[in-house]
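# when you get a sec, could you give me coordinates for this:
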Amino acid sequence: MDVTPVLQVEKLCKSFEGSFWEKRKQVLFDVSFKVFPARATGFVGNNGSGKTTSLKSILEFIRRDSGEIKFFGEALSLKTKSRIGYLPERPYLYEFMTPMEFLNLHWRLCLPDVHGEFVVRAQEVLKQVNLFDSRNRRLRQFSKGMLQRIGLAQAILNRPDFLILDEPMSGLDPDGRIMVKDILKDELERGATIFFSSHLLQDMEELCRDLVVINDGKILYNGPLTQFMQSASSLELAFKQAKIKGTER
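Numbering: from 1, shown residues only. Okay, the predicted model is just below:
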């Protein structure tokens with residue numbers, strides 16, 4: 001039986017204007033892949049490979065040149081957006097707010113007609129990210145790792161069906177990484193679908209069932225992690241082999 005992908009990307013292309021003496025530069029070339037429900041899919045690639053540009057294009061933060069994107073089998077809409085939680089690589093946080101105020105803002109954006117549950121749910125996610133005791137401090141007083149954790153709390157606040165996370169482990173110490181991995185495992189047990197990028201390939205091996213591998217704006221692989229690693233002893237080695245094969249095409 002066919003399973004409808006949570007995310008389906010077909011022939012996504014994106015280019016950027018250069019300065020007045022430079023040609024327009026294409027950074028994504030016919031990017032196509034699928035993310036299937038109730039599993040974690042890793043998005044792997046070096047710096048500058050096109051991961052963040054892909055995510056921004058998929059979520060319509062920037063305009064794509066061409067391509068078709070479907071969430072839950074349909075185009076992105078207010079309805080589908082309400083089912084998505086997103087953590088950008090560099091989340092913008094209002095530093096004058098407290099964690100409770102920041103989460104309340106996002107709660108009202110996602111669930112404008114449901115207010116009674118907010119306090120209970122906000123306290124719940126703050127405990128998950130170990131920030132409950134700092135709930136009344138201003139975000140300007142937070143460390144980089146604490147800001148990353150409040151960003152994750154925002155992403156999971158509305159119990160999304162689909163979590164998209166760009167470098168969720170960035171800026172975290174080992175304890176913070178363990179905590180985030182535990183949260184992602186809890187989200188998977190809840191039935192959520194997770195699509196996340198990371199430079200920490202060991203975390204990918206631990207969490208992911210599928211992989212999307214991108215290099216120089218082109219997809220090198222989309223499929224089961226075990227199949228990608230079948231001829232390599234580690235994900236790092238398999239990634240290196242895939243890059244070599246990609247340059248030889």
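
# report how many residues lie close to Met179.
17 (other CB atoms under 10 Å). Backbone N, C-alpha and C define where each C-beta goes, glycine included.

# for it, which non-adjacent residue is closest in space?
Nearest non-adjacent residue to Met179, counting by CB to CB, 6 or more residues apart in numbering: Asn130, 6.2 Å away.

# over to Glu60?
Nearest one to Glu60, counting by CB to CB, 6+ apart, is Leu76 at 5.9 Å.

# quick check on that neighbour: phi, psi?
phi -60, psi 130 (degrees, to the nearest 10).

# do I have it right that it meets Leu59?
Yes - shown here, Leu76 and Leu59 form a contact pair, counting by CB atoms under 8 Å, at 7.3 Å.

# against Arg39, how distant is Leu201?
Remark: distance between Leu201 and Arg39 (CB to CB, to the nearest Å) = 18 Å.

# nope, Thr53 is what I meant
24 Å.

# quick one on the thing from earlier: who touches the residue nearest to Glu60 in this structure?
By CB atoms under 8 Å, 6 or more residues apart in numbering, the contact list for Leu76 reads Leu59, Glu60, Ile69.

# and Arg135, by the same measure?
Arg135 neighbours (CB under 8 Å, 6+ apart): Thr98, Pro99, Met100, Gln123, Leu126.

# measure how buried the last one is and give me the count.
Counted by other CB under 10 Å, the residues lying close to Leu126 total 21.

# and for Ser15, the neighbour number?
Ser15, neighbours per other CB under 10 Å, totals 16.

# I meant Val120, not that one.
Val120 - counted by other CB under 10 Å - has 8 other residues nearby.

# same question for the one 10 residues further on.
Look at Asn130: counted by other CB under 10 Å, it has 14 neighbours.

# go on, Met97?
So Met97, with other CB under 10 Å, has 16 neighbours.

# the closest residue to it other than its chain neighbours and Phe132, how far apart?
Distance criterion CB to CB, 6+ apart; nearest residue to Met97, sequence neighbours excluded, is Leu139 at 5.7 Å. Applying CB to CB, the value for Leu139 to Phe132 is 15 Å.

# the two: who's more crowded?
Between Leu139 and Phe132, Leu139 has the larger neighbour count (other CB under 10 Å), namely 18 against 14.

# that one touches Ile150, doesn't it?
Yes - counting by CB under 8 Å, Leu139 does reach Ile150; the two are 6.8 Å apart.

# overlap of the contact sets of those two?
With CB under 8 Å, 6+ apart as the test, Leu139 and Ile150 both reach Leu93, Pro99, Phe102.

# and the residue nearest to the spatial centre of the chain, what does it touch?
Centroid check for the chain by CA atoms, centre = their mean gives Leu165 as the closest residue, at 1.9 Å. Counting by CB under 8 Å, 6+ apart, Leu165 touches Tyr86, Leu87, Leu152, Ala155, Ile194, Phe195, Phe196, Ser197.

# closest one to Glu22 out of those residues, please.
Ser197 (27.6 Å; CB to CB).

# what stretches of the protein score poorly on pLDDT?
In the predicted model of the chain, residues 1-2, 111-116, 231, 244-249 satisfy pLDDT under 70.

# if anything else comes up later, I'll come back, but that's it for now.
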